[in-house]
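Engineer: With the input below, show me the fold.
(one chain, ligands or ions: 1)
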Amino acid sequence: MKRPSEIAPSAGKIAVLMPGMGAVATTTIAGVLLARRGLGEPVGSLTQNATIRLGKRSDDRSPSLREFVPLAQLDQLVFGGWDIFPDNAYEAAKHAKVLEDRHLEPIRAELEAIAPMKGVFYPEYVKRLSGTHLKTGRNKSHMVEQLREDIRGFIAQNGCDRAVAVWCGSTEIYFPSSAVHASIATFEQGLLADDPGISNSQLYAWACIQEGVPFANGAPNLTVDFPAALELARLRGVPVAGKDFKTGQTLMKTIIAPGLKARMLGIAGWFSTNILGNRDGEVLEDPDSFKAKEVTKLGVLDYVLQPAKYPKLYGNLFHLVRINYYPPRGDAKEGWDNIDLFGWLGYPMQLKLDFLCRDSILAAPLVLDLALFLDLASRARMSGIQEWLSFYFKSPMTAPGLYPEHDLFIQLMKLKNTLRWLMGEDVITHLGHEYYD
Ligand SMILES: NC(=O)c1ccc[n+]([C@@H]2O[C@H](COP(=O)([O-])OP(=O)(O)OC[C@H]3O[C@@H](n4cnc5c(N)ncnc54)[C@H](O)[C@@H]3O)[C@@H](O)[C@H]2O)c1
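Structural biologist: The predicted structure is shown next:
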């Protein structure tokens, strides 16, 4: 890929559109509104906190990311989206019970002004929900048309210059890509024919790409990860990224597994179990939705540990993932991992990890970063899969035939090197021999 010769200026308002305005979306919105007023810190966000080393270690050049790349500022963002329930962002945030009143009340009026547009919802893709705030349409193609009108309307009404979208909707049932997803032509026919292979989230993704709106997918559904969408994204010059936010247990897995592997320690088993009690947990109780999640959660260790290359260390690894819906915990998830590892001469050891985390608190900074980085990518005329954003996903999208990179630290290096490359700085290899010449 050629380095973009210029990046369009970041000025102007940006619509951040979220299909699915539940716990993650409202926690993101509230956090940005609070940060804008100096009432909260956007902890966990690279765009707001990280620095980036440039040049040699002896150069002492480490600007903040925000100074280094022309990212949009928080006060340029205008939030909106769709949901299948009519609650405004304040009501939805109260319902989600992630944030306390001390965080919601100071921004109550601003949150109340953010009301979702009517959602597109064919219930067979999310069995545990039945929405009330719904569009009706002749067929799926007509639904896409209406979503496109929503996007144009939102941009015009709010005086926005451009938009980005992040799917924060419920996890859909698992199904693989099929013939209808093969090309733009087959997909367009499928829309007209109400093909059952086209899910709700794919309608949003299609509408966004058609409108030139960069799209990130925070859930494990295919959504934008199928050949027709990628063909359309390249044609329209739209950057896309996915899938499934890497937050709690999988984040820990991609921190710990590369470390054990780096030391060539063996792993015989890895049992991961979770309890969570939010609406996401309720949806994931449905075995078909869980299947979608299981696939993205299970893939990680195989790619990090490469059992085919290291059969003695990882060839017999038994990996099990469970999610249990347990209402008393709400959004405060508990993820347990039991790792059976072995060392010198095969002597067994165990590592137990108990992560008492907060799902949406971990996901919100990812939504913000993805919105700002996708906007940057779009202004730099980067289109199609943005693999450098793998850092944010459990199941990173890649070019066909390429295995995904799951190791968090390789992902971070890739992200920062992409920014260096974009800005015409040397990429950093960590070779460092020049210090000893
Ligand atoms: N929080 C995390 O750490 C995390 C990590 C990885 C992935 N995710 C994924 O992010 C998504 C959002 O999580 P959440 O905790 O906010 O869930 P949530 O249930 O609180 O919010 C999802 C919202 O999507 C809405 N929705 C469902 N189908 C829709 C449609 N077709 N159109 C418009 N709206 C629709 C629901 O009504 C709900 O308000 C889920 O898919 C979840 O699996 C979350």
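
Engineer: C-alpha only now, for contacts and for neighbours.
Structural biologist: OK.

Engineer: Tell me the residues on this structure that lie near the ligand, please.
Structural biologist: Within reach of the ligand by Cα under 6 Å from any ligand atom, the chain has these residues: 19-25, 82-85, 119-121, 168-171, 200, 218-219, 244-247, 279-280, 359-360, 362-363.

Engineer: from those, which ones fall inside strands?
Structural biologist: 19, 82-83 (DSSP state E).

Engineer: Kindly supply the ChimeraX command isolating those of the residues of the chain next to the ligand that are buried.
Structural biologist: In ChimeraX, this line selects whichever of the residues of the chain next to the ligand come out buried by 16 or more other Cα atoms under 10 Å:
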select :19,20,21,22,23,24,25,82,83,84,85,119,120,121,168,169,170,171,200,218,219,244,245,246,247,279,280,359,360,362,363
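
Engineer: what's the nearest residue to A193 if we skip its chain neighbours?
Structural biologist: N139 (7.2 Å; Cα to Cα, 6 or more residues apart in numbering).

Engineer: Does the one you found touch L192 like I think?
Structural biologist: Yes - with contact defined as Cα atoms under 8 Å, N139 counts as touching L192 (6.0 Å).

Engineer: hmm, what's the outermost residue in the chain?
Structural biologist: Of all residues in the chain, D437 has its C-alpha farthest from the mean position, at 43.1 Å, by Cα atoms, centre = their mean.

Engineer: residues contacting the nearest residue to S64 once chain neighbours are set aside?
Structural biologist: Nearest in space to S64, with sequence neighbours left out and distances taken as Cα to Cα, 6+ apart, is T51 at 3.9 Å. Residues near T51 by Cα atoms under 8 Å, 6 or more residues apart in numbering: 62-65.

Engineer: who wins for neighbours among those?
Structural biologist: The residue in the contacts of T51 with the most neighbours, by other Cα atoms under 10 Å, is L65 (19 neighbours).

Engineer: Would you mind extracting the C-alpha trace of the lengthiest helix in the chain into PDB?
Structural biologist: Secondary structure of the chain read by DSSP state H shows that its longest helix is helix 359-379. The C-alpha trace of helix 359-379 is given here as PDB (Å, rounded to 0.1, in the frame of the first residue of the first chain):
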ATOM      1  CA  ASP A 359     -17.600  -4.600  30.700                       C
ATOM      2  CA  SER A 360     -18.700  -1.300  29.400                       C
ATOM      3  CA  ILE A 361     -16.000   0.700  31.300                       C
ATOM      4  CA  LEU A 362     -13.500  -1.400  29.400                       C
ATOM      5  CA  ALA A 363     -15.300  -1.100  26.100                       C
ATOM      6  CA  ALA A 364     -16.100   2.700  26.100                       C
ATOM      7  CA  PRO A 365     -12.500   3.900  25.400                       C
ATOM      8  CA  LEU A 366     -12.300   1.400  22.500                       C
ATOM      9  CA  VAL A 367     -15.400   2.900  20.900                       C
ATOM     10  CA  LEU A 368     -13.900   6.400  21.200                       C
ATOM     11  CA  ASP A 369     -10.500   5.400  19.800                       C
ATOM     12  CA  LEU A 370     -12.100   3.500  16.900                       C
ATOM     13  CA  ALA A 371     -14.300   6.400  16.000                       C
ATOM     14  CA  LEU A 372     -11.300   8.800  16.000                       C
ATOM     15  CA  PHE A 373      -8.900   6.500  14.200                       C
ATOM     16  CA  LEU A 374     -11.400   5.500  11.500                       C
ATOM     17  CA  ASP A 375     -12.100   9.200  10.900                       C
ATOM     18  CA  LEU A 376      -8.300   9.700  10.500                       C
ATOM     19  CA  ALA A 377      -8.100   6.700   8.200                       C
ATOM     20  CA  SER A 378     -10.900   8.100   6.100                       C
ATOM     21  CA  ARG A 379      -9.300  11.500   5.800                       C
END
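
Engineer: for the record, mean pLDDT for it?
Structural biologist: Mean pLDDT, helix 359-379: 97.

Engineer: What helices and strands are in contact with that helix?
Structural biologist: helix 23-36, helix 46-49, strand 162-167, strand 215-217, strand 239-241 (3 or more Cα pairs under 8 Å, 6 or more residues apart in numbering; DSSP states H and E).

Engineer: so where is this structure shaky, pLDDT-wise?
Structural biologist: 293, 296 (pLDDT under 70).

Engineer: How is it partitioned into domains?
Structural biologist: The chain resolves into domains spanning 14-245+361-422, 249-358 when parsed by automatic domain parsing.

Engineer: so which of those comes closest to I7?
Structural biologist: domain 14-245+361-422 (4.4 Å; Cα to Cα).

Engineer: What is the end-to-end distance of that closest one?
Structural biologist: In domain 14-245+361-422, first residue to last residue: 21 Å (Cα to Cα, to the nearest Å).

Engineer: didn't G237 look like it was pressed against G384?
Structural biologist: Yes - taking Cα under 8 Å as the definition, G237 is a contact partner of G384 at 7.1 Å.

Engineer: Could you check which of the two has the larger neighbour count?
Structural biologist: G384 (22 against 19).

Engineer: Buried deepest among the domains of the chain, which one?
Structural biologist: domain 14-245+361-422 (a mean of 20; mean count of other Cα atoms under 10 Å).

Engineer: Could you check how far that one is from the centre of its chain?
Structural biologist: Relative to its parent chain, domain 14-245+361-422 has a centroid offset of 7 Å by Cα atoms, centre = their mean, to the nearest Å.

Engineer: Over to stretch 346-365?
Structural biologist: On Cα atoms, centre = their mean, the centre of stretch 346-365 falls 19 Å from the chain's centre.

Engineer: end to end, how far does it reach?
Structural biologist: Rule used - Cα to Cα; the end-to-end distance of stretch 346-365 is 41 Å.

Engineer: which residues sit against the strand or helix carrying V144?
Structural biologist: Following DSSP states H and E, one finds V144 within helix 140-157. Contacting residues not belonging to helix 140-157 are listed as 15, 80, 117, 120, 135-137, 161-163, 188, 191-194, 203-204, 206-208, 210-211 [Cα under 8 Å, 6+ apart].

Engineer: With stretch 261-279 instead?
Structural biologist: Counting by Cα under 8 Å, 6+ apart, 96, 249, 260, 305, 312-314, 316-343, 346 sit against stretch 261-279.

Engineer: what's the answer for stretch 347-367, then?
Structural biologist: 23-25, 27-28, 31, 42-46, 98, 166, 245-249, 331-343, 392.

Engineer: Helices of the stretch 251-400 of the chain, start to end?
Structural biologist: Taking DSSP state H, counting those that start in this stretch, the helices of the stretch 251-400 of the chain run over residues 279-284, 287-305, 311-314, 359-379.

Engineer: From the ligand, how far out is D340?
Structural biologist: 25 Å (Cα to the nearest ligand atom, to the nearest Å).

Engineer: Start the count at 523 instead of 1 going forward.
Structural biologist: Sure, I'll start counting at 523 from here, so that last one is D862.
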